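Okay, sequence plus prediction incoming.
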Amino acid sequence: MDKKIMKHMISCFVDPVDSRILLEIKERKTATAKELALALTDISQASLYRHLGKMVKHGVLIIAEERPIRALMEKVYALNMDENLDIPRLLKENRGDVYMSLFAQFSAALMREFADYTARDGIDILKDGSGFSTGPIAVNSQELETLMIQIGELIAPYRMPEQAAKPGRKMHSMALIVTPPKEGGEKNE
């Protein structure tokens, strides 16, 4: 995915209407405007078509196919992302555009979980065990690797499927994101 498309995709995640459209398409893999209108009933048809047109124009969405419906052609929209990427190979290539595409897919999936949760009636954010935070840490690359291994070891016992079957336990998703240092931030390495 090129940088211009990625820039537009990131702006779509910030726009409430665009992000809901993207999340719905991500969930379904593909969707027509009619399917989106049925799922996103509070978005007017004119607004939906305007947002879809903008996202296609900017390359965020593609038209995966066109189906003849009476005298018209119905467009089927899909995200402009390759979900069958060879991730280990792509990471070895060290390409920023591919890495950003992977992060966008990760973020979209995480946003879908939050959107589903926040749309429920009667949520109790603290009781339900939901939250997020961020904070700086000062580590060198070896310390960061050690920390990531320790975090993985710490949560490993809770990732076992049999844990969810125990009384009082529910499955949560836990995401950990480590951002790279700011430019020039590696001086003390």
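Received, thanks.

out of everything not next to it in sequence, what's closest to the residue minimising distance to the centre of the chain?
Residue closest to the average C-alpha location in the chain (Cα atoms, centre = their mean): Ala108, at 1.4 Å. Nearest residue to Ala108, sequence neighbours excluded (Cβ to Cβ, 6 or more residues apart in numbering): Lys26, at 4.8 Å. Glycine gets a C-beta too; all of them are placed from N, C-alpha and C.

For that neighbour, list the residues it contacts.
79, 108-109, 112 (Cβ atoms under 8 Å, 6 or more residues apart in numbering).

residues of the helix or strand where it lies that come out buried?
Assigned by DSSP states H and E, Lys26 belongs to helix 16-28. Neighbour-count burial for helix 16-28 flags 17-26 (criterion: 16 or more other Cβ atoms under 10 Å).

Out of these, which is nearest to Thr146?
Thr146 has its nearest neighbour among these in Lys26, at 34.2 Å by Cβ to Cβ.

per-residue confidence for that closest one?
Listed pLDDT for Lys26 reads 84.

Leu61 now?
Looking at Leu61, the pLDDT reads 93.

Pop out the phi and psi values for the closest residue to it other than its chain neighbours.
Among residues not flanking Leu61 along the chain, Met55 sits closest, at 4.3 Å (Cβ to Cβ, 6+ apart). Dihedral pair for Met55: phi -70, psi -30, per degrees, to the nearest 10.

Burial check on Met55, number of neighbours?
Neighbours of Met55 under the rule other Cβ atoms under 10 Å: 23.

I'd like the distance between it and Lys127.
As judged by Cβ to Cβ, to the nearest Å, Met55 and Lys127 stand 37 Å apart.

Ok, Ala37 next?
Relative to Lys127, and taking Cβ to Cβ, Ala37 is found at 35 Å.

Of those two, which one has the most company?
Each of Ala37 and Lys127 has its neighbours counted (other Cβ under 10 Å); Ala37 has more, 15 against 7.

quick one, strands of this protein?
With DSSP state E as the criterion, the chain has strands at 30-32, 61-69, 72-79.

Within the sheet, what are the partner strands of the first one, with directions?
Sheet partners assigned to strand 30-32 using DSSP bridges are listed as strand 72-79 (antiparallel).

any idea of the mean pLDDT for the partner strand?
Mean predicted lDDT for strand 72-79 stands at 92.

any idea how far that strand is from the chain center?
Computed by Cα atoms, centre = their mean, to the nearest Å, the separation of strand 72-79 from the middle of its chain amounts to 22 Å.

quick one: that strand to strand 61-69, angle?
150 degrees (axes from the mean of the first three to the mean of the last three Cα atoms, to 10 degrees).

any residues touching strand 72-79, and which ones?
Taking contacts as Cβ under 8 Å, 6+ apart, the residues outside strand 72-79 that touch it are 22, 25-26, 29-34, 36, 52, 56, 60-68, 108.

I appreciate the help and will end here.
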